[in-house]
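1. Dropping the sequence and predicted coords here.
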Amino acid sequence: YQAGINRSSHLPAETIDGYRVKVFANIELLEEVSSVLGNGGEGVGLYRTEYSYLNRVKLPDEEQLLEEYQDLASIMFPGKVVLRTLDVGADKFMHHFGGLDEANPALGLRGVRFCLHHADLFRVQLRAILRASLHENISLMFPMVSGLGELRQIKAVFNSVQMELKKQGLKYNPEMPVGMMIELPSAMITADILATEVDFFSIGTNDLIQYSLGIDRTNSYVSYLYQPLHPALVRMIKYVVDAGHRAGIEVSICGEMAADPYCIPVLMGMHVDCLSMNPQAMPVIKHIVRQATMEECKTLLKEVLASKTVGRNNKLVKDSIFRRH
Ligand code: PEP
Ligand code: MG
């Protein structure tokens, strides 16, 4: 079995009957690129940009960020690189700003809310990303967007940064794809509206599970309830994938669910375009895709959608994997 996994790692993730899914990596440090390439990653589906802020004594300046993003894009070329704007707060504490006094940090100033609140810091990052976008394999993605109003607010800042660069004679790629994460229930249920104003979706199942099932992702007392195949989650993901596809945009999964072998046939059955995961998981996931047929993934998805409990869903996916191996 291990030999099969090793063989699969540098082959495309394609089912026996010819359905392709992209396999990308989630990383947070430039040094991880070797592990992305070594494990057969086709691109970086999520670059968590917060670490270069957290790792420094002083906030990084525009030139430092520019160099980091350019390096990442050129090492990964022609593979795509999705730069996610700063997603700090809650679980990712930011010492530069002192402790935020929040009773519920997960429901507080994080993701794009933090960036809109600290607009100067956000603009520096957007300038660096835009300048790096001359590397045409770069895309931009916003985390924790709650709805269309907020998306438009962020885009207004983004447009104003573009004007500023233009005035200064600094070049950028005006065609850089701009996407958003779907990780709040409010964004999930309005995905049909949001899909008309972004170039792609990436579903962040880690937070989507946290916020829709009401489970703090870092709280071990309730981790047993953290179940990606909860019928609520399966329906939500299907809804977002369908809404994205109806609007003609790609939909990726970038939470840990994309690295869970049991979830892969269900996600494949929905025709997700890309699975983005920690680099070490990629060979196994590719192997699973390469051994499946879309027909069986669709049958399984149908059974899962008809089931009423997470227990039944877990059994359905386990049985389907055993049928094959
Ligand atoms: C997610 O929420 O699923 C996600 C990928 O983002 P992060 O884990 O960085 O919050
Ligand atoms: Mg998240």
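-> Perfect, thanks for sending it. Numbers count the residues shown, from 1 in each chain. Ligands and ions are numbered 1, 2, ... in the order given.
2. Would you mind listing where the stretch 1-150 of the chain has pLDDT under the threshold?
-> 90-100 (pLDDT under 70).
3. do that again at 50, thanks
-> Of all residues in the stretch 1-150 of the chain, none has pLDDT under 50.
4. mind listing the strands in it by residue range?
-> 22-27, 44-48, 81-84, 138-142 (DSSP state E, counting those that start in this stretch).
5. Which one, of those, ends up nearest to Glu14?
-> Nearest to Glu14 among those is strand 22-27 (10.3 Å), distances taken as CB to CB. For the C-beta atoms, the positions are set from N, CA and C on the backbone; glycine is no exception.
6. which strands and helices sit next to that closest one?
-> On a contact count with 3 or more CB pairs under 8 Å, 6 or more residues apart in numbering; DSSP states H and E, strand 22-27 meets helix 33-38, strand 44-48, strand 274-277, helix 282-291.
7. cutoff 10 Å now
-> With contacts taken as 3 or more CB pairs under 10 Å, 6 or more residues apart in numbering; DSSP states H and E, strand 22-27 sits against helix 33-38, strand 44-48, helix 62-76, strand 81-84, strand 250-253, strand 274-277, helix 282-291.
8. Quick check: which of these is nearest to Ala259?
-> strand 274-277 (3.7 Å).
9. re the thing from before, can you redo the strands of the stretch 1-150 of the chain as a markdown table with mean neighbour count and distance to ligand 1?
-> Formatted as a markdown table, these follow (neighbours: other CB atoms under 10 Å; distance: least, CB to the nearest ligand atom, whole Å):
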| stretch | mean neighbour count | distance to ligand 1 |
| --- | --- | --- |
| strand 22-27 | 26 | 6 |
| strand 44-48 | 26 | 5 |
| strand 81-84 | 26 | 8 |
| strand 138-142 | 24 | 10 |
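10. Pull the number of nearby residues for Ser34.
-> Neighbours of Ser34 under the rule other CB atoms under 10 Å: 11.
11. quick one: it and Met76 touch, right?
-> No: assessed by CB atoms under 10 Å, Ser34 is found out of contact with Met76, at 11.0 Å.
12. Against His245, how distant is the closest residue in space to Pro228 that isn't next to it in sequence?
-> Leaving out its chain neighbours, the residue that sits closest to Pro228 by CB to CB, 6 or more residues apart in numbering is Met257, at 4.3 Å. If you measure Met257 against His245 using CB to CB, to the nearest Å, the figure is 19 Å.
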